[in-house]
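1. next comes the sequence, and after it the predicted model I'd like to discuss.
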Amino acid sequence: MKKLIALIVLFQIAISSLAYGGTCDWSTIKPMPNGDYEYSLDCHLKVGQLVQDTKIKDQQIQDLYKAVELKDLAIQKDDERVMLWQKTSDTQQQRLSSIESGQKTMDWLYFSLGALTVVASGFMAARLIGR
(Lines give C-alpha, C1' and ligand atoms only; values in the text may rest on other atoms or scores of the structure.)
Protein backbone atom coordinates (compact mmCIF):
# COMPACT_ATOMS: atom_id res chain seq x y z
CA MET A 1 0.00 0.00 0.00
CA LYS A 2 2.81 2.39 0.90
CA LYS A 3 4.62 1.61 -2.33
CA LEU A 4 1.49 2.23 -4.37
CA ILE A 5 0.92 5.63 -2.77
CA ALA A 6 4.58 6.55 -3.24
CA LEU A 7 4.46 5.53 -6.91
CA ILE A 8 1.32 7.59 -7.49
CA VAL A 9 2.89 10.66 -5.89
CA LEU A 10 6.14 10.22 -7.85
CA PHE A 11 4.14 9.83 -11.06
CA GLN A 12 2.32 13.07 -10.28
CA ILE A 13 5.64 14.80 -9.68
CA ALA A 14 6.96 13.57 -13.01
CA ILE A 15 3.85 14.69 -14.86
CA SER A 16 3.84 18.09 -13.13
CA SER A 17 7.53 18.53 -13.96
CA LEU A 18 6.78 17.98 -17.63
CA ALA A 19 3.84 20.36 -17.52
CA TYR A 20 5.77 23.16 -15.82
CA GLY A 21 8.69 22.91 -18.22
CA GLY A 22 6.60 23.86 -21.24
CA THR A 23 7.77 27.46 -21.68
CA CYS A 24 11.44 26.84 -20.95
CA ASP A 25 13.67 25.64 -23.75
CA TRP A 26 15.86 23.20 -21.85
CA SER A 27 18.32 22.96 -24.74
CA THR A 28 19.44 26.56 -24.14
CA ILE A 29 21.14 25.67 -20.85
CA LYS A 30 24.93 26.03 -21.31
CA PRO A 31 27.68 25.06 -18.88
CA MET A 32 30.07 27.84 -17.83
CA PRO A 33 33.83 27.47 -17.19
CA ASN A 34 33.44 27.86 -13.40
CA GLY A 35 30.97 24.91 -13.20
CA ASP A 36 27.78 26.98 -13.13
CA TYR A 37 25.13 26.95 -15.82
CA GLU A 38 23.74 29.76 -17.92
CA TYR A 39 20.06 29.73 -18.79
CA SER A 40 17.18 32.08 -19.55
CA LEU A 41 14.92 33.83 -17.03
CA ASP A 42 12.00 31.58 -18.02
CA CYS A 43 14.08 28.51 -17.22
CA HIS A 44 15.20 30.09 -13.94
CA LEU A 45 11.59 30.70 -12.93
CA LYS A 46 10.55 27.18 -13.95
CA VAL A 47 13.43 25.60 -12.04
CA GLY A 48 12.52 27.63 -8.94
CA GLN A 49 8.91 26.59 -9.30
CA LEU A 50 9.93 22.95 -9.70
CA VAL A 51 12.10 23.13 -6.57
CA GLN A 52 9.19 24.58 -4.59
CA ASP A 53 6.82 21.98 -5.98
CA THR A 54 9.30 19.25 -5.09
CA LYS A 55 9.44 20.49 -1.49
CA ILE A 56 5.64 20.52 -1.33
CA LYS A 57 5.44 17.05 -2.82
CA ASP A 58 8.06 15.78 -0.37
CA GLN A 59 5.98 17.15 2.50
CA GLN A 60 2.88 15.54 1.03
CA ILE A 61 4.71 12.21 0.74
CA GLN A 62 5.80 12.46 4.39
CA ASP A 63 2.22 13.25 5.39
CA LEU A 64 0.97 10.26 3.40
CA TYR A 65 3.52 7.98 5.07
CA LYS A 66 2.38 9.25 8.47
CA ALA A 67 -1.24 8.64 7.52
CA VAL A 68 -0.43 5.11 6.39
CA GLU A 69 1.47 4.46 9.63
CA LEU A 70 -1.48 5.73 11.66
CA LYS A 71 -3.81 3.53 9.64
CA ASP A 72 -1.56 0.55 10.31
CA LEU A 73 -1.55 1.36 14.03
CA ALA A 74 -5.34 1.62 14.01
CA ILE A 75 -5.60 -1.76 12.30
CA GLN A 76 -3.14 -3.23 14.83
CA LYS A 77 -5.22 -1.86 17.73
CA ASP A 78 -8.37 -3.28 16.16
CA ASP A 79 -6.67 -6.66 15.82
CA GLU A 80 -5.68 -6.51 19.49
CA ARG A 81 -9.29 -5.71 20.42
CA VAL A 82 -10.52 -8.62 18.32
CA MET A 83 -8.06 -10.99 19.98
CA LEU A 84 -9.10 -9.73 23.43
CA TRP A 85 -12.76 -10.15 22.55
CA GLN A 86 -12.08 -13.66 21.25
CA LYS A 87 -10.21 -14.58 24.43
CA THR A 88 -13.04 -13.22 26.57
CA SER A 89 -15.59 -15.06 24.45
CA ASP A 90 -13.67 -18.33 24.81
CA THR A 91 -13.43 -17.85 28.58
CA GLN A 92 -17.17 -17.17 28.82
CA GLN A 93 -17.91 -20.23 26.67
CA GLN A 94 -15.80 -22.41 28.96
CA ARG A 95 -17.59 -21.02 32.02
CA LEU A 96 -20.98 -21.66 30.43
CA SER A 97 -19.97 -25.22 29.53
CA SER A 98 -18.80 -25.92 33.07
CA ILE A 99 -22.04 -24.47 34.51
CA GLU A 100 -24.12 -26.64 32.15
CA SER A 101 -22.05 -29.67 33.10
CA GLY A 102 -22.54 -28.88 36.79
CA GLN A 103 -26.28 -28.45 36.19
CA LYS A 104 -26.49 -31.90 34.59
CA THR A 105 -24.61 -33.37 37.55
CA MET A 106 -27.01 -31.67 39.95
CA ASP A 107 -30.01 -32.99 37.98
CA TRP A 108 -28.69 -36.55 38.28
CA LEU A 109 -27.94 -36.00 41.96
CA TYR A 110 -31.49 -34.74 42.63
CA PHE A 111 -32.94 -37.67 40.68
CA SER A 112 -30.78 -40.14 42.64
CA LEU A 113 -31.74 -38.55 45.96
CA GLY A 114 -35.41 -38.66 44.97
CA ALA A 115 -35.15 -42.34 44.03
CA LEU A 116 -33.29 -43.07 47.28
CA THR A 117 -35.99 -41.23 49.25
CA VAL A 118 -38.75 -43.28 47.59
CA VAL A 119 -36.89 -46.54 48.29
CA ALA A 120 -36.09 -45.51 51.86
CA SER A 121 -39.69 -44.43 52.57
CA GLY A 122 -40.97 -47.73 51.12
CA PHE A 123 -38.53 -49.64 53.27
CA MET A 124 -39.55 -47.67 56.38
CA ALA A 125 -43.27 -48.15 55.57
CA ALA A 126 -42.70 -51.90 55.24
CA ARG A 127 -40.95 -51.98 58.64
CA LEU A 128 -43.71 -50.00 60.27
CA ILE A 129 -46.36 -52.27 58.84
CA GLY A 130 -44.39 -55.24 60.00
CA ARG A 131 -43.42 -56.88 56.88
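-> Structure received. Numbering: from 1, shown residues only.

2. which SS class is the residue most central in space within the chain?
-> Per C-alpha atoms, centre = their mean, the C-alpha nearest to the average position across the chain is that of Ile75, at 1.3 Å. Recorded secondary structure, Ile75: helix (DSSP: H, G, I helix; E, B strand; the rest coil).

3. tell me the confidence at it?
-> For Ile75, the model assigns a pLDDT of 96.

4. strands of this protein, start to end?
-> In the chain, the segments counted as strands under DSSP state E are 30-31, 37-38.

5. I'd say Lys46 and Thr23 touch.
-> Yes: in terms of C-beta atoms under 8 Å, Lys46 counts as a neighbour of Thr23; the distance is 6.8 Å. Any C-beta I mention is one placed from the backbone N, CA and C, and that applies to glycine too.

6. who has more neighbours, those two?
-> Lys46 (19 against 10; other C-beta atoms under 10 Å).

7. enumerate every residue touching the closest residue to Ile29 other than its chain neighbours.
-> The shortest distance from Ile29 to any non-neighbouring residue, by C-beta to C-beta, 6 or more residues apart in numbering, is to Tyr39 (4.4 Å). Tyr39 makes contact with Cys24, Thr28, Ile29, Lys30, Val47, according to C-beta atoms under 8 Å, 6 or more residues apart in numbering.

8. quick one, phi psi at Tyr39?
-> phi -150, psi 170 (degrees, to the nearest 10).
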